[in-house]
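A.B. asks: have a look; sequence and predicted model below, questions after that.
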Amino acid sequence: MRRTKIVDLLKREDYGSQVCVKGWVRTKRGSKSVNFIALNDGSTIKNVQIVADAEKFDPEMMKSITTGACLSVVGEMVQSIGAGQNVEIQASEIELLGDCPSDYPMQKKGQTMEYMRQYAHMRIRTNTFGAVFRIRHNMAIAIHKFFHDKGFYYFHTPIITASDCEGAGEMFQVTTKNLYDLKKDDNGQIIYNDDFFGKMTSLTVSGQLEGELGATGLGQIYTFGPTFRAENSNTPRHLAEFWMIEPEVSFIDLPDLMDLEEEFIKYCVQWALDNCQDDLEFLNKMIDKGLIERLQSVVNTEFVRLPYTKGIEILEEAVKNGHKFEFPVSWGCDLASEHERYLVEEYFKKPVIMIDYPKDIKAFYMKQNEDGKTVQGTDVLFPQIGEIIGGSIREESYDKLMKRIEEMNIPMKDMWWYLDTRKYGSCPHGGFGLGFERLILFVTGMQNIRDVIPFPRTPKTAEF
């Protein structure tokens, strides 16, 4: 008999039908005469209850049905008299596909997130992580649908690159060289002429620069793929491998860019509310009791547009009135997460799009304002997260861009192709980057970014 997914079974009302379900045991309880098995196959947060009359089944097999065991069940779909479900299955056949010994690490009890990270290969079977990863899938679908419907083209930028987009230098090197026998020149520099690409290459920190090339030919593109940062950061907000969404748009100005950022975030959050109701209700109950209310408030509120200078004035005023920040605040400083969250959660009580940052704390490619001190950068700040989007209008003038590159001592010898976009038919353009995992953090209410990606990569951690 063909298997029915539990998510589909629970919508059916053709009671009396014979069905086959397969999945993993969440719980088993019962008496000498009857057993009740909660079965889940990952298609929904909800379990289906299997009713197994003891007289029909081998007692030894029933003993081996424990939490985590994998079963195939055939039986009659009947209307449930118990609370919480409409459908249950009166089992006529049960096949044990895979037993599960008592040392199964995901026994039904309140394990900490830290504990479950040690068993990332098994935590996917729990209710919490099933909900998180179903929502993650839905957010990916929402992203593609949003941009496709707006006429953007999905543009694949390289994962291996010879350029450092942010000038940060925190990159993972890619090589085929024997690290125990490296050729070096007279100055002690590694010679790469016998390496695979013939030059030093790394994993990308961003697809933005190549995305700009795409926008100058296709008009508007977006990237959505893995990026890598070799930062030694052990925080709840940083990963060494994460996914980024980076749209790039020709002929856009700062107000339109901010509108795009706001519309995009609201679309994704609304998609979760519309398509992930059961999982959100579970997370709202078990992880974050204010989750659904917070998601609804983001969709229904207008984001604040806040110049950096005004934001600093608000923070300085807060300090004068006795608010304690760990990090000092002054014009020219790069805002810490605590500053961003104060503005969003305490002062405005809504998301904030901050613009016009000092040029000295932002990337070389951002378009300078006429004051000569600030750039047309735009960061979207969110409750509980801080910065969720970073974007800007890009500097389209070749001369201004070259001057900024020289001021910042950025090695551009391998980036002639990027400068060509300013030489040949340069156009106004802009875009932003959204860390996918930070979006998932917000939408799920989870507290640590390591818990919204299946297999987190962090310093000293590359398991699974």
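C.D. replies: Sure thing, it's come through.
A.B. asks: okay, now the closest residue to Trp243 other than its chain neighbours: neighbour count?
C.D. replies: Nearest residue to Trp243, sequence neighbours excluded (C-beta to C-beta, 6 or more residues apart in numbering): Phe436, at 3.8 Å. Where C-beta positions appear, they are placed from N, C-alpha and C, glycine not excepted. Counted by other C-beta atoms under 10 Å, the residues lying close to Phe436 total 21.
A.B. asks: show me where the stretch 301-450 of the chain has its strands.
C.D. replies: Along the stretch 301-450 of the chain, the segments classed as strands by DSSP state E, counting those that start in this stretch run 304-307, 352-358, 374-382, 386-393, 429-435.
A.B. asks: so what does the fourth one touch, helix or strand wise?
C.D. replies: With contacts taken as 3 or more C-beta pairs under 8 Å, 6 or more residues apart in numbering; DSSP states H and E, strand 386-393 sits against helix 254-275, helix 337-341, strand 374-382, strand 429-435, helix 436-444.
A.B. asks: the residue of the chain positioned farthest from its centre: what's it in contact with?
C.D. replies: The centre of the chain is farthest from one residue, Glu55, which by C-alpha atoms, centre = their mean lies 49.0 Å away. The contact partners of Glu55, by C-beta atoms under 8 Å, 6 or more residues apart in numbering, come to Ser33.
A.B. asks: tell me how far it lies from Asn35.
C.D. replies: Glu55 sits 11 Å away from Asn35, going by C-beta to C-beta, to the nearest Å.
A.B. asks: and for Thr204?
C.D. replies: The gap separating Thr204 from Asn35 is 53 Å, by C-beta to C-beta.
A.B. asks: neighbour count for the two, which is higher?
C.D. replies: Thr204 (27 against 19).
A.B. asks: residues near the residue nearest to that one when sequence neighbours are not counted, how many?
C.D. replies: In this structure, Thr204 finds its nearest non-sequential neighbour in Thr161, 4.7 Å apart by C-beta to C-beta, 6+ apart. As a burial measure, Thr161 scores 20 neighbours (other C-beta under 10 Å).
A.B. asks: quick one: the helices in the stretch 51-200 of the chain?
C.D. replies: 59-63, 113-117, 120-123, 127-149 (DSSP state H, counting those that start in this stretch).
A.B. asks: now the last one: average pLDDT?
C.D. replies: Here helix 127-149 scores 97 as its mean pLDDT.
A.B. asks: and for the second one?
C.D. replies: Mean pLDDT, helix 113-117: 92.
A.B. asks: keeping just the C-alphas, turn that helix into PDB.
C.D. replies: Only the C-alpha atoms of helix 113-117 are listed here, as PDB (Å, rounded to 0.1, in the frame of the first residue of the first chain):
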ATOM      1  CA  MET A 113      19.800  23.600  23.200                       C
ATOM      2  CA  GLU A 114      23.500  23.200  24.100                       C
ATOM      3  CA  TYR A 115      23.000  19.500  24.600                       C
ATOM      4  CA  MET A 116      21.100  19.100  21.400                       C
ATOM      5  CA  ARG A 117      23.900  20.800  19.400                       C
END
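A.B. asks: which strands and helices lie in contact with it?
C.D. replies: With 3+ C-beta pairs under 8 Å, 6+ apart as the test, helix 113-117 has no helix or strand packed against it.
A.B. asks: buried residues, it. List them.
C.D. replies: Met116, Arg117 (16 or more other C-beta atoms under 10 Å).
A.B. asks: one more: the third one?
C.D. replies: For helix 120-123, the neighbour count (16+ other C-beta under 10 Å) marks Ala120, Arg123 as buried.
A.B. asks: gap between the two ends of stretch 160-174?
C.D. replies: Distance across stretch 160-174, first residue to last, is 7 Å (C-alpha to C-alpha, to the nearest Å).
A.B. asks: over to stretch 417-433?
C.D. replies: 21 Å.
A.B. asks: and that stretch, how far from the chain's centre?
C.D. replies: Stretch 417-433 has its C-alpha centroid displaced from the chain centroid by 28 Å (C-alpha atoms, centre = their mean, to the nearest Å).
A.B. asks: try stretch 335-343
C.D. replies: 21 Å.
A.B. asks: for Phe228, find the nearest of the strands of the stretch 301-450 of the chain.
C.D. replies: Among these, strand 429-435 comes nearest to Phe228, with 12.5 Å by C-beta to C-beta.
A.B. asks: that closest one pairs with which strands?
C.D. replies: With DSSP bridges as the test, strand 429-435 is paired with strand 241-250 (antiparallel), strand 386-393 (antiparallel).
A.B. asks: a markdown table for those, including mean pLDDT, mean neighbour count and distance to Asp194?
C.D. replies: As requested, the strands paired with strand 429-435 are exported to a markdown table (pLDDT from 0 to 100; neighbours: other C-beta atoms under 10 Å; distance: least, C-beta to C-beta, whole Å):
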| stretch | mean pLDDT | mean neighbour count | distance to Asp194 |
| --- | --- | --- | --- |
| strand 241-250 | 97 | 23 | 28 |
| strand 386-393 | 94 | 22 | 38 |
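A.B. asks: tell me how far the residue nearest to Thr204 lies from Trp271.
C.D. replies: 31 Å.
A.B. asks: same deal with Lys460?
C.D. replies: If you go by C-beta to C-beta, the gap between Lys460 and Trp271 works out to 36 Å.
A.B. asks: next one: Met139
C.D. replies: 7 Å.
A.B. asks: mind listing what's buried in stretch 4-24?
C.D. replies: Thr4, Ile6, Val7, Leu9, Leu10, Val19, Cys20, Val21, Lys22, Gly23, Trp24.
A.B. asks: what's in contact with that stretch?
C.D. replies: Here stretch 4-24 has contacts from 1-3, 39-44, 46-48, 50, 68-79, 85-87, 89, 97, 125, using C-beta under 8 Å, 6+ apart.
A.B. asks: how about 6 Å then?
C.D. replies: 1, 3, 39-41, 43-44, 46, 48, 70, 72-74, 77-79, 87, 125 (C-beta atoms under 6 Å, 6 or more residues apart in numbering).
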